[in-house]
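Enquirer: I'll drop the sequence and a predicted model, then ask my questions.
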Amino acid sequence: MVGARVPGFEIEALRDSGRAITPSDFEGRYVLLNLWATWCGPCLEKIPALQKARQRYSPERLAILNVSFDRSRPEATALLEKREMPGSHAYASGGLGGEFGGKFARVSGRSSSMRGLPNFTLVGPEGKVAEIISAGDSGSVLEMLSEHLPNRQSE
């Protein structure tokens, strides 16, 4: 929910399953949580916007955490070998119905049990949800970022 503290989480890194990613990895920065899967066409259509976001905003100002909801790790890693998706990468092993999906993949304005992709959550440096674009929303990721972050490489 916008304005609420981001729920705590610990999620496995996609390529290094022994490493956990937590909110403390991103302290003091905006974080764009990108929930995606290889089988989600609209998710793949958002990759150029993520690339533009990385060009506009330095990693010191904006962290990007891409969380794959694929059925298996190899599906996600194979796609990442072919297409550049900037940022850190994690794997939600429980899928949309798992713990991470339950916290972040909700479709706004619908039943709390509805989940969908693509889904973007922007978390501010203070750890509060700044904005959410969920499946079916018409909002642009780049517009959302420009509303919350200055449009320059460094600050």
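Expert: Nice, I can see it. Residues are numbered from 1 along each chain as shown.

Enquirer: tell me where this protein has helices.
Expert: For the chain, the helices defined by DSSP state H cover 41-45, 47-56, 73-82, 99-104, 141-148.

Enquirer: okay, these, which one's buried deepest?
Expert: For the helices of the chain, average neighbour numbers computed from mean count of other C-beta atoms under 10 Å are highest in helix 99-104, which has a mean of 18. Placement of C-beta: from N, CA and C, glycine included.

Enquirer: what is that one packed up against?
Expert: Judged by 3 or more C-beta pairs under 8 Å, 6 or more residues apart in numbering; DSSP states H and E, the packing partners of helix 99-104 are strand 30-36.

Enquirer: again, only this time at 10 Å
Expert: If you count contacts as 3 or more C-beta pairs under 10 Å, 6 or more residues apart in numbering; DSSP states H and E, helix 99-104 packs onto strand 11-13, strand 30-36, strand 62-68, strand 119-123.

Enquirer: reformat those strands as TSV; add mean pLDDT, distance to residue 51 and mean neighbour count.
Expert: Formatted as TSV, the entries for those read as follows, by pLDDT from 0 to 100; distance: least, C-beta to C-beta, whole Å; neighbours: other C-beta atoms under 10 Å:
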stretch	mean pLDDT	distance to residue 51	mean neighbour count
strand 11-13	94	21	17
strand 30-36	96	12	24
strand 62-68	97	10	22
strand 119-123	93	15	24
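
Enquirer: mind checking those strands for the one nearest to residue 77?
Expert: Nearest to residue 77, of all the helices and strands packed on helix 99-104, is strand 62-68, at 8.6 Å by C-beta to C-beta.

Enquirer: for the chain, give me the ranges with low pLDDT.
Expert: 106-115, 136, 138, 150-155 (pLDDT under 70).

Enquirer: I figured residue 117 hits residue 43, correct?
Expert: Yes - using C-beta atoms under 10 Å, residue 117 is in contact with residue 43, at 5.4 Å.

Enquirer: gap between residue 43 and residue 4?
Expert: Distance, residue 43 to residue 4, by C-beta to C-beta, to the nearest Å: 24 Å.

Enquirer: can you pull the contacts of the residue nearest to residue 84 when sequence neighbours are not counted?
Expert: Nearest non-adjacent residue to residue 84, counting by C-beta to C-beta, 6 or more residues apart in numbering: residue 51, 6.6 Å away. Each residue near residue 51 by C-beta atoms under 10 Å, 6 or more residues apart in numbering is listed here: 83-86.
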